[in-house]
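Engineer: Fold the following and give me the result.
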Amino acid sequence: MTRRRCQLNIAVLATSNQQPTMLNSLCDVPGIRLGHAHDLVARTGCTVILPEQPAIAGVDVRGSAPGTRELELLRPVRLVQAIHGLLLTGGSAFGLDAAGGVQKYLEERGIGFDVGVTKVPIVPAAVIFDLGVGSAHVRPTAEMAYQACLSASANETRQGAIGAGCGATVGKLRGMASCMPGGLGMASWRKNNLVIGALAVVNAFGDIVDPRSGNILAGAKREDGSFSDTLAHLKNFPVAPFSPWSGNTTLVAVATNAAFNKEEITKIAQMAQDGLAHVIRPAHTPYDGDIVFALSVGTEQADVMAVGAIASELVAEAIVSAVQESGAKI
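Structural biologist: Residues are numbered from 1 along each chain as shown. Alright, predicted model coming up:
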């Protein structure tokens with residue numbers, strides 16, 4: 001069944017027949033490979049982003065419950081300037097161990113930060129909490145992440161319940177019995193030689209809304225199948241104690257083939273984070289670990305503000321695409 005895709009005000013411009021066809025994928029950014037591995041029964045998995053060359057990277061953490069590895073080195077003024085891979089994974093804090101599989105894959109190919117006696121692959125990682133679906137005792141492993149690396153390609157276009165989005169859900173107001181699938185979504189933009197792409201793993205506490213109308217597209221359901229409207233509930237009961245037992249978090253990776261330093265790419269990550277607030281209602285809650293990574297992998301020239309603004313819209317589109325591609329209620 002064909003689902004309506006919510007398109008934002010983003011025009012993909014192609015000026016000549018020589019330009020590659022846009023795939024609406026993070027892989028539209030030259031120099032990016034993307035790989036997935038997952039367990040469909042246990043409902044968990046991981047997604048690996050591999051730049052062909054070391055990528056200048058920044059990060060913005062806006063949620064209050066993040067699970068991460070190697071994030072501090074992404075800050076400006078740190079010694080290490082580039083990363084060699086990025087892992088987005090399920091399994092909550094257990095899933096962070098999967099990053100070792102990405103390191104193994106890169107080390108075998110002589111890729112990493114040269115420390116004289118060896119090369120150390122720099123692989124930041126971030127997790128979602130997907131233990132409430134499938135099996136809580138099966139998590140992404142180093143071997144699963146290694147397989148994701150082996151499968152990585154520059155033509156990956158799949159979206160929905162795949163990779164790190166395999167067990168993602170949205171709308172946890174009434175618990176897991178009333179939530180809907182989240183998933184993995186992507187979007188991209190091109191003008192002349194400048195390309196920007198976004199990938200989102202959507203596992204939010206809140207509802208996902210159409211950014212134009214504000215109508216709920218996916219979220220917490222009532223017994224009759226209608227949406228509970230999480231934000232309306234919070235407005236009606238603003239002082240009631242609330243203790244959700246289900247885990248959340250939306251993870252995002254933005255990439256561009258424009259050249260930026262660490263301070264500039266960090267600002268782009270900060271601006272791109274606004275895309276979550278456009279379509280997740282509410283976003284950045286105490287129970288989400290929302291994180292946006294941004295990668296610079298090329299030599300094109302572009303303005304920081306322009307790229308950040310476009311990335312914000314792409315992030316919103318990728319989030320909407322994730323829930324639309326994931327399908328029916330769990």
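Engineer: Return the set of buried residues in the longest helix along the chain.
Structural biologist: Taking DSSP state H as the criterion, the chain has its longest helix at helix 304-326. Neighbour counts over helix 304-326 (16 or more other CB atoms under 10 Å) mark 304, 307-308, 310-326 as buried. C-beta here means a position set from N, CA and C on the backbone, and glycine is covered the same way.
Engineer: and what of stretch 57-76?
Structural biologist: Buried-residue list, stretch 57-76, by 16+ other CB under 10 Å: 57-63, 65-70, 74.
Engineer: got it, and stretch 185-204?
Structural biologist: By 16+ other CB under 10 Å, the buried positions in stretch 185-204 come out as 185-190, 194-204.
Engineer: would you put the C-alpha positions of that stretch in CSV?
Structural biologist: Taking C-alpha atoms only, stretch 185-204 is exported to CSV below (Å, rounded to 0.1, in the frame of the first residue of the first chain):
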residue,chain,number,x,y,z
GLY,A,185,13.8,7.6,8.1
MET,A,186,15.9,9.7,5.7
ALA,A,187,15.8,12.8,3.6
SER,A,188,18.2,14.7,1.4
TRP,A,189,18.7,18.0,-0.5
ARG,A,190,20.9,19.2,-3.3
LYS,A,191,21.7,22.4,-5.1
ASN,A,192,24.4,22.3,-7.7
ASN,A,193,27.2,20.4,-6.0
LEU,A,194,26.2,21.0,-2.4
VAL,A,195,24.4,18.0,-0.8
ILE,A,196,22.9,17.6,2.7
GLY,A,197,21.3,14.5,4.1
ALA,A,198,19.6,13.4,7.3
LEU,A,199,18.9,10.1,9.0
ALA,A,200,16.6,9.7,12.0
VAL,A,201,16.0,6.8,14.3
VAL,A,202,12.6,7.7,15.8
ASN,A,203,11.8,6.2,19.3
ALA,A,204,10.1,9.2,20.9
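Engineer: which residue ranges form the helices in the stretch 151-300 of the chain?
Structural biologist: Ranges of helices within the stretch 151-300 of the chain are 230-236, 262-272, 274-279, based on DSSP state H, counting those that start in this stretch.
Engineer: Quick one: list the elements packing against the shortest one.
Structural biologist: Using 3 or more CB pairs under 8 Å, 6 or more residues apart in numbering; DSSP states H and E as the contact definition, the elements that helix 274-279 packs against are strand 249-258, helix 304-326.
Engineer: now with 10 Å?
Structural biologist: Other elements packing on helix 274-279 under the criterion 3 or more CB pairs under 10 Å, 6 or more residues apart in numbering; DSSP states H and E are strand 194-203, strand 207-209, strand 249-258, strand 291-300, helix 304-326.
Engineer: Show me where the stretch 101-250 of the chain dips below the pLDDT cut-off.
Structural biologist: The stretch 101-250 of the chain contains residues with pLDDT under 70 at 240-246.
Engineer: Strands of that one, residue ranges please.
Structural biologist: 113-114, 119-120, 125-127, 169-170, 180-181, 183-191, 194-203, 207-209, 216-218, 249-258 (DSSP state E, counting those that start in this stretch).
Engineer: Residue 26: which of the ones you listed is closest?
Structural biologist: Nearest to residue 26 among these is strand 194-203; the distance by CB to CB comes to 4.1 Å.
Engineer: Give me the angle between the closest one and helix 304-326.
Structural biologist: Strand 194-203 runs at 50 degrees relative to helix 304-326, counting by axes from the mean of the first three to the mean of the last three CA atoms, to 10 degrees.
Engineer: Paired strands for strand 194-203, with orientation please.
Structural biologist: Partners of strand 194-203 in the sheet, by DSSP bridges, are strand 183-191 (antiparallel), strand 249-258 (antiparallel).
Engineer: Adding distance to residue 151, write those strands out as a markdown table.
Structural biologist: Putting the strands paired with strand 194-203 into a markdown table (distance: least, CB to CB, whole Å) gives the following:
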| stretch | distance to residue 151 |
| --- | --- |
| strand 183-191 | 14 |
| strand 249-258 | 17 |
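Engineer: distance of residue 38 from residue 46?
Structural biologist: In this view, residue 38 and residue 46 are 7 Å apart by CB to CB, to the nearest Å.
Engineer: okay, those two: which has more neighbours?
Structural biologist: More neighbours surround residue 46 than the other of residue 38 and residue 46, with 34 against 25 (other CB atoms under 10 Å).
Engineer: contacting residues for the more buried one?
Structural biologist: Residue 46 sits next to 35-39, 87-91, 95, 98-99, 101-102, 125, 127, 139-142, 144-145, 147-149, 163-164, 166, 201 when contact means CB atoms under 10 Å, 6 or more residues apart in numbering.
Engineer: Take the residues you listed and keep only those in helices.
Structural biologist: Under the assignment DSSP H, those contribute 99, 101, 102, 142, 144, 145, 147, 148, 149 to helices.
Engineer: Pull the contacting residues for residue 156.
Structural biologist: Residue 156 neighbours (CB under 10 Å, 6+ apart): 23, 25-27, 32-36, 47, 162-163, 186, 199.
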